[in-house]
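1. for reference, the sequence and a predicted model appear below.
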Amino acid sequence: MNLLDGMNQVVQYIEDNLQYDIELEKMAQLTQTSSFEFSRIFAFVAGVPVSEYIRRRRLSQAAYDLQMGKKKVIDVAMTYGYESPTAFTRAFKEQHGVAPSAVLKTEANMKIYPPLSFRLTVRGMEELNVRILSRDAFFVVGMSGYINIEAIGSSYASLWNAKIEDIWMSGIRDEDKVPYDRGNPNDVIITDTKSEIKVNVSVNDGFEGADVPVQHLTSSFEYHATDGKIRATVGIAMDDILPVLIAQGMDQDSVMAYAGLNEGEFDMIPASDWAVFTFTGERNETNMAEAYGRIFTEWFDSSHYTRKEDLPHLERFSFTDGDAAEKTWEIWMPVVPLK
């Protein structure tokens, strides 16, 4: 893929549609990435989320229209997708520092953001830790939900930016079906209010002697988006804990059934080759955006692999002792060799 050309096509697509709906999935297609990945990459290379860039460009064009003196404020507001003059005025003042009506009467100074242009830069001197491995099909067991991709790149850092109290695995259940008791020390909940995804883990719920520490969490993110949202499953890769549970006396079928596979609370990840990228440091928004950006602008553009579009990609987070700056985390991309 040529990501540079794709990003410039995205900029032109935005310019051509400032007065119309701009589709996230269309922008992702132009860069041959998923909607989730595109949002990460754009935030990395542009320095702002794509939704913020579009907002700035629309308000910049709105200022030009008002300076021409041929349109009313309400007409300009409707042209650029604002439902009311009040909402438009609020956004306009936030960017330009003056009300739209002032532009019609005075020579007010405007804060104009011109269209972006992406050019070739020399990169790649910093090492990128990657390995290629083959993995049989496996299950990610947990809870599934939909993530609003527009939140990525602003306050949304990762699916794992969640409140994690203590993680032990012996069963996973749906909070709507089995009420969660915050007063019960044997129940643990992982929540992420931004993504509206929850994982409930319960200790000793169903059999004795199954207190198994969870060392790794895995999340899968589908490739295609629907209405600006993607389906994600957050949970535990069963082959991470199967050996431990089986060693404690459970057979594999019982473990699978107990974990909730019979209720559909899982993703089955097909067998594939994977490019596994390992990063060290705090998993904050800046570092996550940079990680995705480097994968697509440095590695894919120069490797002999392409991303498989029919599989989700994964994020994998390990619970280790030590400072956040020393922790490692991974991004898994399903790949196929270029022909």
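-> Yep, that arrived.

2. longest helix anywhere in the chain?
-> Criterion DSSP state H: the longest helix present in the chain is helix 50-68.

3. so which bits of that helix are buried?
-> Within helix 50-68, the residues scored as buried using 16 or more other C-beta atoms under 10 Å are 50-63, 65-66. Bear in mind the C-beta positions are built from the backbone N, C-alpha and C, glycine included.

4. which of the residues you listed sits closest to residue 335?
-> residue 50 (24.8 Å; C-beta to C-beta).

5. the closest residue to the closest one other than its chain neighbours: neighbour count?
-> Distances taken as C-beta to C-beta, 6 or more residues apart in numbering place residue 42 nearest to residue 50, at 4.4 Å, with adjacent residues excluded. Using other C-beta atoms under 10 Å, residue 42 is surrounded by 28 other residues.

6. residues touching residue 42, list them.
-> 7, 10, 27, 49-50, 53, 153 (C-beta atoms under 8 Å, 6 or more residues apart in numbering).

7. in whatever helix or strand residue 38 lives in, what's buried?
-> Using DSSP states H and E, residue 38 maps to helix 35-46. Residues of helix 35-46 classed as buried: 35-46 (neighbour count, 16+ other C-beta under 10 Å).

8. in TSV, list these along with pLDDT and distance to residue 147.
-> As requested, the buried residues of helix 35-46 are exported to TSV (pLDDT from 0 to 100; distance: C-beta to C-beta, whole Å):
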residue	pLDDT	distance to residue 147
35	88	10
36	87	7
37	90	13
38	91	14
39	88	10
40	87	12
41	89	16
42	90	16
43	86	15
44	85	18
45	85	21
46	87	20
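
9. so which of the residues you listed is the closest to residue 113?
-> Closest to residue 113, out of all of those and judged by C-beta to C-beta, is residue 46, at 10.8 Å.

10. hang on, residue 139 in a strand?
-> Yes. Residue 139 forms part of a strand when assessed by DSSP: H, G, I helix; E, B strand; the rest coil.

11. neighbours around it, how many?
-> 22.

12. and it, what are its bridge partners?
-> Residue 139 has these beta-bridge partners by DSSP bridges: residue 268.
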